[in-house]
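Engineer: Below are the sequence and a predicted model; questions follow.
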Amino acid sequence: MPTEEIAVHSAAGTLPAFWNRRAVFIANLLGMFFGNEAATRALAGEIGEADSYGGRLLPIIDMLFRGGDNLLVLERAPDPLLAGYFTDRLGLSLPAVEVLPHQDYLKLKGDQTLRHPIFQRLRDHGASWMDGYVTDDTLVDLAARTGKQTIASTEGSHRGNNKRLLYQDMQTDGLPVPFTYYAEGPDDIVAALMAIRRQEYRSAVVKSAIGASGIGMNRIRELDRADLDAEASGLPPYFYFEGACLVQGWVEPGVHGVRRIHSPSVQMFVADDEAVLYDITEQILSDHSIHEGNESPPPYLHGQPEWRKGLLEKGAWAARWLQRQGYRGTASADFLVILYEDGRTDIQICEINARVTGATYPSILARRFLPEGCWLLRNLRFEAPVSGSALLRTLDTGGELFDPGSSRSGSGVLPVNFNFGKDGFIHKGQFLCLAGQASECHRLLERACHLLPCATERD
């Protein structure tokens, strides 16, 4: 692995040049667990309509890969009217699209017949590079069989997403880390929970080495309960797929003098010889700490230059750590900003996600159209299924659809992606609110929820 330290630049609001390459991008969302199919099934059940999540990549691929004539391989075809909105109203260039369901993707590795039409399509495509959410063994095999090379290695992609490895390296480098034990099974977890309870934590969290969107993470509350062994035994076996889990004390207000916690995330791009930190967002998390959206800039950073400086300094450490692991591409470093009753502030790296994350695509789009503005991304689920034409028409006639060519081009709601049910209608979508002020972004979101048949609860 490389040992020479790369330069890291902070350019908040200014997008990096990204890759001057043509590429095939395999949207292998359900491959993010490197062969852990039980975790894959759990993710699909958690987020719903998982096969259409890759559509989030459609408007940003040609910005990530500036060589043009890119190919995006999705698990389900995107909405054609939404694609038309991207090109006709937003003026974006889009890649060509091929459809490859997840089960077909899994069958490609080791397929000696090479009969699946995707092999010929990829061989014929002129791009030299192949990339995906993660670089797993299937992606590497597919690249080799079709004359491509991957941007990151399997090892680099795997190591860049490994929470246990990250924790060990943060500890070695003297960065602040939470109170942590390793657990290779339920008995170890119970022993760790009892030790964490003695440290006067109220809750703990069990984290598998590799996880995403809350899969591989389980918060255990009320550590003085008598049934901790039953809860530990009830964890799915996929938690141990990558070896020992991390068991950590849960940092929360009222424990160890903590007054308040924020959850910012630094968006970055790691290239061969440098890295760029291009946005700071706030994660919107559920009560179970599952990611539900993002907002930028975090409102509490106003007037706090030392916090911003600390986030960027530790973000630079994260970028260099990813580069040392062999990872290349977009990534997010997630943090805890911990405020104590005595006035102290602690900034800790919580995890690093070495892939296109839930904050990558809204950040790139927002900074493309509004470099110094504010943005808010939420998932909206609908009480009744709706068509793409009805959805776009409703936002447009209601005056809320983002249009950079209109008289109010500085604000609006930009539909990024639609998630389809088995009935072919839209059940959920990702919506980006753009404006000069954070309050206007929130007003746009509430207006969109009023216009559309949104469910009461955010998704």
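Structural biologist: Noted; the coordinates are in hand. Remember, it's a predicted structure, so these values are computed and weren't measured experimentally.

Engineer: for the chain, what helix or strand is lowest in average pLDDT?
Structural biologist: Every helix and strand of the chain was ranked by mean pLDDT, DSSP states H and E. The lowest is helix 37-47, at a mean of 79.

Engineer: Which helix or strand lies directly C-terminal to that one?
Structural biologist: helix 61-64 (DSSP states H and E).

Engineer: Beyond that next one, next helix or strand please.
Structural biologist: strand 71-74.

Engineer: Can you spell out which helices and strands pack onto the next helix or strand after that following strand?
Structural biologist: Remark: after strand 71-74, the chain's next helix or strand is helix 80-84, criterion DSSP H and E. Counting contacts by 3 or more C-beta pairs under 8 Å, 6 or more residues apart in numbering; DSSP states H and E, helix 80-84 packs against helix 388-397, strand 412-420. Every residue, glycine included, has its C-beta placed from N, CA and C.

Engineer: Just list the residues touching the residue nearest the centre of the chain, thanks.
Structural biologist: Residue closest to the average C-alpha location in the chain (C-alpha atoms, centre = their mean): T357, at 2.1 Å. Neighbour list for T357: 265, 267, 330-332 [criterion: C-beta atoms under 8 Å, 6 or more residues apart in numbering].

Engineer: Give me the buried subset of those.
Structural biologist: 265, 267, 330-332 (16 or more other C-beta atoms under 10 Å).

Engineer: Return the backbone torsion pair for G310.
Structural biologist: When quoted as degrees, to the nearest 10, the phi and psi of G310 stand at phi -60, psi -40.

Engineer: Low-confidence stretches in the stretch 201-350 of the chain?
Structural biologist: 285-291 (pLDDT under 70).

Engineer: Tell me which stretches of it form strands.
Structural biologist: Using DSSP state E, counting those that start in this stretch, the strands of the stretch 201-350 of the chain run over 204-212, 215-220, 245-249, 258-262, 264-270, 274-285, 291-296, 329-340, 345-353.

Engineer: Pick the most deeply packed of the ones you listed.
Structural biologist: Of the strands of the stretch 201-350 of the chain, the one with the most neighbours on average (mean count of other C-beta atoms under 10 Å) is strand 264-270, at a mean of 26.

Engineer: and the angle from it to strand 329-340?
Structural biologist: 150 degrees (axes from the mean of the first three to the mean of the last three C-alpha atoms, to 10 degrees).

Engineer: For I349, which residues are in contact?
Structural biologist: 166, 170, 175, 314, 317-318, 333-335.

Engineer: Oh, that last question was meant for R21, not what I typed.
Structural biologist: By C-beta under 8 Å, 6+ apart, R21 lies in contact with 65-67, 127-129.

Engineer: Just the buried residues out of those residues, in ChimeraX syntax.
Structural biologist: Only the buried entries of the contacts of R21 go into this ChimeraX selection, using 16+ other C-beta under 10 Å:
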select :65,127,129
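
Engineer: Farthest-apart pair in the contacts of R21, please.
Structural biologist: R66 and S128 (13.9 Å; C-beta to C-beta).

Engineer: can you give me how far the helix or strand where I189 lies is from the chain middle?
Structural biologist: Taking DSSP H and E as the criterion, I189 maps to helix 186-198. Counting by C-alpha atoms, centre = their mean, to the nearest Å, helix 186-198 is centred 30 Å from the centre of its parent chain.

Engineer: If we go by neighbour counts, what in that helix is buried?
Structural biologist: When burial is assessed from 16+ other C-beta under 10 Å, helix 186-198 yields the following buried residues: 186, 188-190, 192-193, 195-197.

Engineer: Likewise for stretch 81-100?
Structural biologist: Quick answer for stretch 81-100 (16+ other C-beta under 10 Å): 81-83, 85-86, 89-90, 92, 94-95, 97-98, 100.

Engineer: Show me the two of those residues that sit farthest apart.
Structural biologist: R89 and L100 (28.5 Å).

Engineer: re earlier: for the buried residues of stretch 81-100, which one is nearest L15?
Structural biologist: Distances from L15 to the buried residues of stretch 81-100, taken by C-beta to C-beta, are shortest for L92, at 13.5 Å.

Engineer: contacting residues around the closest one?
Structural biologist: 59, 62, 86.

Engineer: what's around G436, how many residues?
Structural biologist: G436 is flanked by 13 other residues according to other C-beta atoms under 10 Å.

Engineer: in the sheet, who's paired with G293?
Structural biologist: Judged by DSSP bridges, the bridge partners of G293 are I284, R378.

Engineer: okay but it is in contact with W375, surely?
Structural biologist: No: contact criterion C-beta atoms under 8 Å: G293 and W375 do not qualify, at 10.4 Å.

Engineer: quick one: common contacting residues for those two?
Structural biologist: By C-beta under 8 Å, 6+ apart, no residue touches both G293 and W375.

Engineer: Roughly how far does G185 sit from L228?
Structural biologist: 14 Å (C-beta to C-beta, to the nearest Å).

Engineer: and what of G67?
Structural biologist: In terms of C-beta to C-beta, G67 sits 54 Å off from L228.

Engineer: How about D169?
Structural biologist: As defined by C-beta to C-beta, D169 lies at a distance of 30 Å from L228.

Engineer: The two - which one has more neighbours?
Structural biologist: Each of D169 and L228 has its neighbours counted (other C-beta under 10 Å); L228 has more, 20 against 16.

Engineer: Surely that one is in contact with A192?
Structural biologist: No: using C-beta under 8 Å, L228 makes no contact with A192, being 10.0 Å away.
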